[in-house]
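> Sequence and predicted structure, then a few things I'm wondering about:
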Amino acid sequence: MSHDHRFAPGGTPLPRIRPRAGADLGPCARLLAEIHACDGYPVNWPEEPTRWLTPSALLTAWVAELDGHVAGHAVLSRSGPDDAAPAVWSGRAGRDISATAVVSRLFVAPAARGRGVGALLLGRAAEEARARGLHPVLDVLASDTRAVALYERQGWRFLAAVRQRWSPDTTVTVRCYAAPPPGPAAGPAAGDPREGHGPAPLRRP
């Protein structure tokens, strides 16, 4: 499948989704700071944002470009100790957690929302997971209704709500999702104002 620059109906440019390069980490960290300031994502600001964008179990990462600027980001990684969805999916499917890949660090520039960026990044990550023989899953804070709406609009299947203790004083509820079977996407809704940042507002830096 090609991920070159494309156009939506009406001639509006769609983002170009490409593998993240080392030179993208700085712009991605600056974009993450902008999103944290306006949306509070991630919940706990990491001491080293570029390191947070590159988890130890990283498989690959992508950026979305619009008008020559980084407009979005997503990561695909192996299951980590704080990921809830892999264990839930494993219990439901009767397969080992190692058969999953986790979509995380998905966020979209405020100025680029409503142009299908989040849906395209999510679709690209799911496609890559399947190409590796893995099933895509993700966790999201239950309070992040914008992200929840994106996943459900794209056909991701709700698995369970799980309570997690992020600190001695903080317990949160995360919703666990699994990707739908391969097939036509539910549609990025290029003008959808609900599109926004995505999974894994993790407590760890």
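Structure received. Numbers count the residues shown, from 1 in each chain.

> list the buried ones in the strand or helix carrying Arg163?
Using DSSP states H and E, Arg163 sits in strand 157-167. Neighbour-count burial for strand 157-167, counted by 16 or more other Cβ atoms under 10 Å, picks out 159, 162, 166. Bear in mind the C-beta positions are built from the backbone N, C-alpha and C, glycine included.

> contacting residues for the second one?
If I follow you right, that is Val162. For Val162, the contacting residues are 84, 88, 139, 173-176, by Cβ atoms under 8 Å, 6 or more residues apart in numbering.

> Switch these over to JSON lines; also include distance to Tyr151 and neighbour count.
Below are these laid out as JSON lines (distance: Cβ to Cβ, whole Å; neighbours: other Cβ atoms under 10 Å):
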{"residue": "Ala84", "distance to Tyr151": "14", "neighbour count": "21"}
{"residue": "Val88", "distance to Tyr151": "15", "neighbour count": "21"}
{"residue": "Asp139", "distance to Tyr151": "11", "neighbour count": "25"}
{"residue": "Thr173", "distance to Tyr151": "15", "neighbour count": "11"}
{"residue": "Val174", "distance to Tyr151": "12", "neighbour count": "26"}
{"residue": "Arg175", "distance to Tyr151": "8", "neighbour count": "24"}
{"residue": "Cys176", "distance to Tyr151": "10", "neighbour count": "24"}
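
> Of those residues, which belong to helices?
If you go by DSSP state H, the contacts of Val162 have Val88 in helices.

> how about the contacts of Val162 in a markdown table, adding pLDDT?
Putting those into a markdown table (pLDDT from 0 to 100) gives the following:
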| residue | pLDDT |
| --- | --- |
| Ala84 | 95 |
| Val88 | 97 |
| Asp139 | 96 |
| Thr173 | 95 |
| Val174 | 96 |
| Arg175 | 97 |
| Cys176 | 98 |
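
> Can you pick out the most distant pair from the contacts of Val162?
Val88 and Thr173 (13.2 Å; Cβ to Cβ).

> what pairs with the strand holding Arg163, and is each one parallel or antiparallel?
strand 170-178 (antiparallel) (DSSP bridges).

> secondary structure element for the most centrally placed residue in the chain?
Among the residues of the chain, Leu106 comes closest to the average C-alpha position under Cα atoms, centre = their mean, at 3.1 Å. Assigned by DSSP H and E, Leu106 belongs to strand 100-108.

> would you put the C-alpha positions of the very next helix or strand once past that strand in CSV?
Moving toward the C-terminus from strand 100-108, the next helix or strand (DSSP H and E) is helix 117-131. The C-alpha atoms that make up helix 117-131 are tabulated as CSV, following Å, rounded to 0.1, in the frame of the first residue of the first chain:
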residue,chain,number,x,y,z
VAL,A,117,-4.6,12.3,10.7
GLY,A,118,-5.4,10.2,13.7
ALA,A,119,-7.3,7.6,11.6
LEU,A,120,-4.5,7.3,9.1
LEU,A,121,-1.8,6.8,11.8
LEU,A,122,-4.0,4.3,13.6
GLY,A,123,-4.6,2.4,10.3
ARG,A,124,-0.9,2.4,9.4
ALA,A,125,0.1,1.0,12.9
ALA,A,126,-2.5,-1.8,12.7
GLU,A,127,-1.4,-2.7,9.2
GLU,A,128,2.2,-3.0,10.3
ALA,A,129,1.3,-5.1,13.3
ARG,A,130,-0.6,-7.5,11.1
ALA,A,131,2.3,-7.7,8.6
